[in-house]
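>>> A structural model of the following input is requested.
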Amino acid sequence: MSFLFPLFAVLIWSVNAIVSKLSAGAIDPAAISLYRWLLALLALTPFVLPAVWRNRREVAQVWWKLLVLGLLGMVLYQCLTYYAAHSVTALFMGILNALIPLLTVLLSVVILRVAPTLGILLGSLLSFGGLTWLVSQGNPAQLLTHGMGNGELMMFAASTSYALYGVLTRRWALTLPGWQSLYMQIFFGVLLLIPGFLRAPDISLTAQNIPLVLFAGIPASIIAPFLWIQGVLRMGASTTSIFMNLVPIFTAIIAVLFLHETLQSYHFIGGGITLLGVIVAQRLRIPLTAAQRAANDPAA
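Coordinates of the predicted model:
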């Protein structure tokens, strides 16, 4: 039954893509970004702050790393997603979120010096082709004349930010316990979100947007990460990461049922090829060069 932990985490994150889309017409992106993480911060404070205070010296030593992670994971990723939701569908958002594992692998090659594999090369090419087909709605030639829209660019930037967040988390390997690290990232994220919040034209909470803030602040920001961590502890990071491939599928089902978005042929073709590329990059681990293959083969 360990698979239920990442499964429900992915389901919550898929629903959150729908929440992000619904928020586009209900609340300013800067407002929901701050309210979401402020709510999460307040909910965690009674449980985590005492431990953070006891480890304040360690926190002081790595505060700038926690600030950078908060900027990438809590500010850029979420804000860009909320702004992108004004012009892209929840279906597209789900597919771009599924691209995060591949972007993480690509950034790991550059930042962590992870040896490139045949899977990374083929997966990148497949995903690029799939995204091109998806963004152009089945007509790649139009990208040469019209280019990508702002919403698509912001969503791609959001996914890249979160991928970089994951790579830096692995590179820095902070010794601060997980919940304490997350708490401080959220704290810095809230601080960084305040200027945009103060410039927002409308920050009012209404009966229409309060449920969106509550879902984003508690299930998506606290419960889902907890379930995901439990899945990693029970099944391992590699096995658990496979469940992220379900995000576009769950998001598509929910978007069609509740937002009445229409699945077009280019969604199936472009999204399917993109997802195939992610899977290939994850599973095909043949070294790319002969030198790497020789190094991995003791008999060579």
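>>> show me which positions of stretch 124-139 end up buried.
The neighbour-count check on stretch 124-139 (16 or more other Cβ atoms under 10 Å) flags 124, 126-127, 129-131, 133-136 as buried. Backbone N, C-alpha and C define where each C-beta goes, glycine included.
>>> let me know the closest of these to Phe8.
Sorting those by how near they are to Phe8, with Cβ to Cβ, puts Ser127 at the top with 26.4 Å.
>>> now for the closest one: which residues touch it?
By Cβ atoms under 8 Å, 6 or more residues apart in numbering, the contact list for Ser127 reads 99, 102, 273-274, 277-278, 281.
>>> over to Pro140?
Contacts of Pro140 (Cβ under 8 Å, 6+ apart): 132-133.
>>> how far away is it from Gly123?
Shown here: Pro140 relative to Gly123, a distance of 19 Å by Cβ to Cβ, to the nearest Å.
>>> next one: phi and psi at Pro287?
Backbone torsions of Pro287, given as degrees, to the nearest 10, read phi -60, psi 150.
>>> what about it, neighbour count?
Neighbour count for Pro287, taken as other Cβ atoms under 10 Å: 16.
>>> with Trp64 instead?
9.
>>> same check, this time on the one 5 residues further on
Using other Cβ under 10 Å, Leu69 is surrounded by 24 other residues.
>>> related to what we said a few turns ago, okay if I get the contacts of Ser127 as TSV plus pLDDT?
As requested, these are exported to TSV (pLDDT from 0 to 100):
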residue	pLDDT
Leu99	82
Leu102	81
Ile273	86
Thr274	82
Gly277	83
Val278	81
Ala281	81
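>>> could those residues go into CSV alongside neighbour count and distance to Ala237?
Below are these laid out as CSV (neighbours: other Cβ atoms under 10 Å; distance: Cβ to Cβ, whole Å):
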residue, neighbour count, distance to Ala237
Leu99, 24, 18
Leu102, 26, 16
Ile273, 19, 26
Thr274, 25, 22
Gly277, 24, 20
Val278, 26, 16
Ala281, 26, 15
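>>> where are the low-confidence patches of the stretch 1-150 of the chain?
142-148 (pLDDT under 70).
>>> next one: the stretch 201-300 of the chain
Ranges of the stretch 201-300 of the chain meeting pLDDT under 70: 238, 289-300.
>>> where do the strands sit along it?
For the stretch 201-300 of the chain, applying DSSP state E, counting those that start in this stretch gives no strands.
>>> select the longest helix from this protein.
Longest helix in the chain, counting residues (DSSP state H): helix 29-54.
>>> as a check, name the ranges of all helices in the stretch 101-250 of the chain.
Using DSSP state H, counting those that start in this stretch, the helices of the stretch 101-250 of the chain run over 118-135, 141-146, 150-172, 178-199, 210-217, 224-235, 237-241, 247-254.
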